[in-house]
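Novice: Structure, please.
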Amino acid sequence: MSSAATSDRLPRHEDLVNERLVRWWFLAALLYIGVSMTGGIIMALQLIHWSPFNGIELLSAGRWRMVHTNAVAYGFIACAFLGVLEWAVPRLTLQPVLSRKLSYFIFGAWQLIVLSTAAGLIVGPTFQA
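Specialist: Prediction:
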């Protein structure tokens, strides 16, 4: 069998991979790493006693430490990993994902989970008795 005959039966890359969604996963990952680095810089400034946010409880290092960690772990690493999976699995299996709507739902749900966790970590202690 010639390679020309084999390549005629292979699906096109555009039919397999939803590049728009892959791009969204990677943009979200970049956004989360930017937020995480900003939180890390805020904490580092407080450690050297040069805090521009002295007296502002919502910007204290204790609250931003967990946001920094979660933004790296669940924001950056997970979004980048899921973006790679969204790109690689269809190419390796030569089958598109089962449902593009489900893929978009997972993207939106994951962003909602990460953002609500960050909001809960920042604002949550304010409402404790």
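
Novice: Could I get the average pLDDT for the lengthiest helix in the chain?
Specialist: Among the segments of the chain that qualify as a helix by DSSP state H, the longest is helix 19-47. For helix 19-47, mean pLDDT rounds to 91.

Novice: which helices and strands sit right next to it?
Specialist: With contacts taken as 3 or more CB pairs under 8 Å, 6 or more residues apart in numbering; DSSP states H and E, helix 19-47 sits against helix 61-70, helix 78-93, helix 100-123. Any C-beta I mention is one placed from the backbone N, CA and C, and that applies to glycine too.

Novice: Deepest in the core, which of those is it.
Specialist: Stretch with highest mean neighbour count among those: helix 61-70 (a mean of 18; mean count of other CB atoms under 10 Å).

Novice: Which strands or helices does it pack on?
Specialist: Looks like helix 61-70 contacts helix 19-47, helix 100-123 (3+ CB pairs under 8 Å, 6+ apart).

Novice: Without its sequence neighbours, what residue ends up closest to the residue most central in space within the chain?
Specialist: The residue lying closest to the centre of the chain (CA atoms, centre = their mean) is Cys79, at 3.2 Å. With sequence-adjacent residues excluded and distances taken as CB to CB, 6 or more residues apart in numbering, Cys79 is closest to Ala29, at 3.8 Å.

Novice: how near is that neighbour to Gly62?
Specialist: 26 Å (CB to CB, to the nearest Å).

Novice: Please apply the same query to Asn70.
Specialist: For Asn70, the distance to Gly62 - CB to CB - is 14 Å.

Novice: can you check Ser116 too?
Specialist: 20 Å.

Novice: One more: Ala119?
Specialist: To Gly62, Ala119 is 16 Å away according to CB to CB.

Novice: Leu112 now?
Specialist: 25 Å.

Novice: What of Leu98?
Specialist: Taking CB to CB, one finds Leu98 at 43 Å from Gly62.

Novice: do the same with His68
Specialist: 11 Å.
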